[in-house]
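Colleague: Structure, please.
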Amino acid sequence: MTREKAEKRFARLGQELFDLQEAMYAARVTSVLVVLQGRDSAGKDGTIKHVVGCLDPRGVEVTPFGVPTPEERAHDFLWRIHRHAPRLGQFS
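Modeller: Numbering: from 1, shown residues only. Sure, this is the predicted structure:
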């Protein structure tokens, strides 16, 4: 795929994601939680920038997580994320 085709496809998919976000917000029956885990320079920031850039920022919350505390390490890796789960109709 050429860069030009990829950019057009990304723009189309970004608009589709935006439209789905609006529908999800209006229905308020579901939410989306995206968890990215990776080492430094793994591309997490770029992924967030590209995906969130397609969405209405009023319906998105991005939460960074540092090194787990001893309490957090005593639980499964999603334990500390539960309190940041998105409300219905939201992305987090």
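
Colleague: what's the longest helix in this structure?
Modeller: Criterion DSSP state H: the longest helix present in the chain is helix 3-27.

Colleague: Report all helices and strands that it contacts.
Modeller: In terms of contacts (3 or more Cβ pairs under 8 Å, 6 or more residues apart in numbering; DSSP states H and E), helix 3-27 is packed against no helix or strand at all. Heads up, the C-betas are built off the backbone N, CA and C, glycines and all.

Colleague: Need the residues that contact it.
Modeller: 1, 30-32, 50-51, 53-56, 59, 89-91 (Cβ atoms under 8 Å, 6 or more residues apart in numbering).

Colleague: how deep is the residue nearest to S31 when sequence neighbours are not counted tucked in, by neighbour count?
Modeller: Nearest residue to S31, sequence neighbours excluded (Cβ to Cβ, 6 or more residues apart in numbering): P86, at 4.0 Å. Burial of P86 is recorded as 16 neighbouring residues (other Cβ atoms under 10 Å).

Colleague: tell me the contacts of P86?
Modeller: Taking Cβ under 8 Å, 6+ apart, we find P86 in contact with S31, V32, L33, E61, S92.

Colleague: which stretches of this protein have low pLDDT?
Modeller: Across the chain, nothing is flagged by pLDDT under 70.

Colleague: Show me the helices in it, by range?
Modeller: Ranges of helices within the chain are 3-27, 44-52, 70-73, based on DSSP H.

Colleague: and G38, which of these is closest to it?
Modeller: helix 44-52 (5.4 Å; Cβ to Cβ).

Colleague: CA atoms of that closest one as PDB?
Modeller: What follows is helix 44-52, C-alpha atoms only, in PDB (Å, rounded to 0.1, in the frame of the first residue of the first chain):
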ATOM      1  CA  LYS A  44       2.300   4.100  22.700                       C
ATOM      2  CA  ASP A  45       2.300   7.900  22.500                       C
ATOM      3  CA  GLY A  46       2.000   7.900  18.800                       C
ATOM      4  CA  THR A  47      -0.800   5.400  18.800                       C
ATOM      5  CA  ILE A  48      -2.700   7.500  21.400                       C
ATOM      6  CA  LYS A  49      -2.100  10.700  19.300                       C
ATOM      7  CA  HIS A  50      -3.400   9.200  16.100                       C
ATOM      8  CA  VAL A  51      -6.400   7.500  17.600                       C
ATOM      9  CA  VAL A  52      -7.500  10.300  20.000                       C
END
